[in-house]
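A.B. asks: please find the sequence and the predicted model below.
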Amino acid sequence: MNIKELKEIVAVFKEADIAELEIEREDAKIRLKRNAKPEVRHIAVQPHTSVAESIKPDVGKVEEKNEGLVEIKTPMVGTFYKAPAPDADPFVEVGAKVTEDTVVCIIEAMKLMNEIKADVKGRIVKILVDSGQPVEFGQTLFLVKPE
């Protein structure tokens, strides 16, 4: 299964009026649910996939630079918004203290606004995404210095 096929499956799921979809193949199993956290059981990516190769070097660089910091990652694919409305103040800014229950942003997915919480106590060190930018599952949104 490649990225193009996955995007087509997600597009069909968005358009269809169904609550859950599960597809199983030899190389992958995908389960999509509305209003649920994503669940990935097994995805096998073939070594010749160019997307995997292009992502791999960047991951190492991010981890090296952010030693000792906690990453807040997106649990879903969607659009990142740093404020509840275009004219509103952002949920958090660099230097803001956060707790586990602090809402740090909204991810819009399938026309639903999903609040993302920090899940860590600390101080925001860096915001890695601009408002309105599309984000991928597992992408780092914020760096937090734990307290």
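C.D. replies: Nice, thanks for sending it over.
A.B. asks: how about the contacts made by residue 121?
C.D. replies: By CB atoms under 8 Å, 6 or more residues apart in numbering, the contact list for residue 121 reads 98, 99, 100, 146, 147. For glycine as for every other residue, the C-beta is placed from the backbone atoms N, C-alpha and C.
A.B. asks: give the next helix or strand downstream of the lowest-mean-pLDDT helix or strand in the chain.
C.D. replies: Lowest on mean pLDDT, DSSP states H and E among the helices and strands of the chain sits helix 50-65, with a mean of 44. Next along the chain after helix 50-65, taking DSSP states H and E as the criterion, comes strand 70-73.
A.B. asks: pull the residues that contact that following strand.
C.D. replies: 104, 116, 118-120, 122, 138-146.
A.B. asks: now the buried members of the residues you listed.
C.D. replies: With neighbours counted by 16 or more other CB atoms under 10 Å, these contain buried members at 104, 116, 118, 119, 120, 122, 139, 140, 141, 142, 143, 144.
A.B. asks: stretch 12-28: end-to-end distance?
C.D. replies: End-to-end distance of stretch 12-28: 18 Å, with CA to CA, to the nearest Å as the criterion.
A.B. asks: buried residues in it?
C.D. replies: 13, 28.
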